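Undergrad: Below is the structure, and that's it, no one-letter string:
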């Protein structure tokens, strides 16, 4: 793995001229714990990602590969998906508490503000898909 990259081990499940689909297991932090099997909190889910097919490389279905993404893109994703919505929520709650006396209304408006933010993110999903490009590296 190159410095500044996030890498997951995966297996190629489909190849076509445009995309190569790689499936990998995303594990929670608890899964590495020695007591994970006892407490039942560990979680591992299978995810698939479509990587643009490199015409100059030859891969085959079933091949184990690394799926890489620049670490800066991962940090940007955390900001977009978690930090900014939290800031929106906090700003709306604090600012509306000075204007409105009803906690129910403040809560509903704040949650609606975050929902609108996520709606905008969902509408911009094609733009984000162009920015977040994974690539494959042989094992």
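TA: In hand now; what should we look at? Remember, predicted model here, so these are calculated numbers, not experimental data.
Undergrad: From here on, just use CA atoms for contacts and neighbour counts.
TA: Will do.
Undergrad: Report the outermost residue of the chain with respect to its centre.
TA: Residue farthest from the centre of the chain, counting by Cα atoms, centre = their mean, is residue 101 at 37.2 Å.
Undergrad: for that residue, helix, strand, or coil?
TA: On the three-state scheme (DSSP: H, G, I helix; E, B strand; the rest coil), residue 101 is labelled coil.
Undergrad: which non-adjacent residue is nearest residue 23?
TA: Nearest residue to residue 23, sequence neighbours excluded (Cα to Cα, 6 or more residues apart in numbering): residue 48, at 4.2 Å.
Undergrad: Quick check: the one you found touching residue 19?
TA: No: using Cα atoms under 8 Å as the test, residue 48 is too far from residue 19 to be in contact (11.8 Å).
Undergrad: thinking again about what came up before, residue 125 versus the residue nearest to residue 23, what's the distance?
TA: Using Cα to Cα, to the nearest Å, residue 48 is found at 17 Å from residue 125.
Undergrad: any chance you could map the helices in the protein?
TA: Counting by DSSP state H, one finds helices in the chain at the ranges 36-39, 71-78, 84-99, 103-123, 125-131.
Undergrad: Need those in TSV (columns: mean pLDDT and mean neighbour count).
TA: Formatted as TSV, the helices of the chain follow (pLDDT from 0 to 100; neighbours: other Cα atoms under 10 Å):
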stretch	mean pLDDT	mean neighbour count
helix 36-39	52	11
helix 71-78	80	13
helix 84-99	96	14
helix 103-123	96	14
helix 125-131	84	11
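Undergrad: out of the ones you listed, nearest to residue 24?
TA: Smallest distance to residue 24 across the helices of the chain (Cα to Cα): 16.7 Å, for helix 71-78.
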